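1. My questions are about this predicted structure, shown below with the sequence.
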Amino acid sequence: MACFLNCVRFDVTKTITDKPTSKEGSVAVSSVTCYSWDDVEALTSNFSRLIGSGGYSSIYMARLSSSAKAAIKVHVSSHRLYKIFRLELDILLRLQHPNIVKLLGYFDDSEENGALLLEYLPQGNLQENLHSNSKQVLPWRNRVAIAFQLVQAIEHIHEKCIPQIVHGDIKSSNVLLDKNFNSKLCDFGSAKVGFSSMVQPSAISPRSRHVTMVGSPGYTDPHYLRTGVASKKMDMYGFGVVVLELISGKEAVSAGNGEMLVHVAAPLMHEILDSSIDIAEDSVRGFSDPRMLRDSIDIDEVKTMLGVAALCISSPPSLRPSASQVTETLIQKIPSLSFLGSGKRV
């Protein structure tokens, strides 16, 4: 893990995308189309096929042509939730990265209603692929590639965007997979924008002690829960939990007993961080997903991934690596990443 001590610097680049100037009809803005509500109804065949839902939105299948599919994320109608929609729209208009879900268009009535037209990812999300009862098991090298692509997306929003962005809700269900099982980060409704490293919690009104917290159970940085201070390090914590999911095949929070994966992994994480002795192969295999073929797992690669996870969920947050440092480590220490150009699942 010594390679984390040498910070890898990247040039900061800026992508400028004009904000929408019209809300009527279908107006193309920097290759992103502004749709009318009639367009949204037509694209979804009057919302005939629901393919996903969350606390603030519903996602429907859309057809751009006889063969081209997309997904439309329709936000619940309210003034408060409109702000979440507007935040996500403004962020996605700025972002262009192969491992971040692509915005194709949107509907915005400037009051309470909004919808995002997004690229359709046919393999669903990572959580489904890891934890469903399907007989198909995600192979090791695809898991490594997904982690690598995810941290590249995080690196982009943390270090290569102006203003910089903290996602705020890194978790396996926010990682979508295309037909070749390449990963794409989605759902920027909890994001924090426009700071160098940290965002202090908003001042609390004397009349209310309520503070809106972001994140999901099992993935949320304990330091953030204690302090309300959002930072890039909270994204790295969530990334560390996703890496533990990829290695173990276990859920971030067990559906059976509610136990958190970080607690299950804690003894092994302490052993990795506290010991200069190489971790025993039996310990590594004991934590790894038993559904993966024994011969398909590279023990050294698993050890590298475990070391990354241990550092990403460590406390205090200042000990955690940056996304660029994790990217550099994975490039240096995991040879199987060389298959990424093949676009295949084995």
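-> Yes, it's here. Residues are numbered from 1 along each chain as shown.
2. What separation do you get for Leu118 and Asp295?
-> 38 Å (Cβ to Cβ, to the nearest Å). Using the backbone N, CA and C atoms, a C-beta is placed for each residue, glycine as well.
3. of those two, who's got more company?
-> With neighbours defined as other Cβ atoms under 10 Å, Leu118 and Asp295 compare such that Leu118 has more, 22 against 6.
4. Return the residues in contact with the closest residue to the more buried one other than its chain neighbours.
-> The shortest distance from Leu118 to any non-neighbouring residue, by Cβ to Cβ, 6 or more residues apart in numbering, is to Ala71 (4.9 Å). Contact partners of Ala71, counting by Cβ atoms under 8 Å, 6 or more residues apart in numbering, are Ile51, Gly52, Ile59, Tyr60, Met61, Ala62, Leu117, Leu118, Glu119, Tyr120, Leu121.
5. go on, Pro335?
-> Pro335 touches Glu301, counting by Cβ under 8 Å, 6+ apart.
6. that older thread, can you classify the residue nearest to Leu118 by secondary structure?
-> Counting by DSSP: H, G, I helix; E, B strand; the rest coil, the backbone at Ala71 sits in strand.
7. Can you read off the pLDDT for it?
-> Note for Ala71: predicted pLDDT of 97.
8. Please report how far it lies from Asn113.
-> Distance of Ala71 to Asn113, given as Cβ to Cβ: 18 Å.
9. hey, what's the residue nearest to Leu118 bridged with?
-> Residues in a beta bridge with Ala71, per DSSP bridges, are Met61, Leu118.
10. how close does it sit to Leu43?
-> Distance from Ala71 to Leu43, counting by Cβ to Cβ: 10 Å.
11. Identify the contacts common to these two.
-> Residues touching both Ala71 and Leu43 by Cβ under 8 Å, 6+ apart: Ala62, Leu117.
12. Could you find the closest non-adjacent residue to Ser318?
-> Nearest residue to Ser318 in three dimensions, chain neighbours excluded: Lys233, at 7.6 Å (Cβ to Cβ, 6+ apart).
13. and that neighbour, how many neighbours?
-> Lys233 has 25 neighbours, counted by other Cβ under 10 Å.
14. do the same with Lys250
-> Lys250 has 18 nearby residues by other Cβ under 10 Å.
15. Next one: it, what pLDDT does it get?
-> Looking at Lys250, its pLDDT reads 96.
16. The residue nearest to it when sequence neighbours are not counted and Pro217, how far apart?
-> Nearest residue to Lys250, sequence neighbours excluded (Cβ to Cβ, 6+ apart): Leu261, at 5.3 Å. Noted for Leu261: a distance of 11 Å to Pro217, by Cβ to Cβ.
17. which neighbours do those two share?
-> With Cβ under 8 Å, 6+ apart as the test, Leu261 and Pro217 both reach Ala252, Val253.
18. who's more crowded, these two?
-> It is Leu261, of Leu261 and Pro217, that has more neighbours when counted by other Cβ under 10 Å, with 22 against 10.
19. any chance you could map the helices in the protein?
-> Taking DSSP state H as the criterion, the chain contains helices spanning 37-43, 79-94, 126-131, 140-159, 222-227, 232-248, 261-274, 281-287, 299-312, 323-333.
20. quick one, what contacts Ile272?
-> Neighbouring residues of Ile272 by Cβ under 8 Å, 6+ apart: Ile279, Leu306, Gly307, Ala310.
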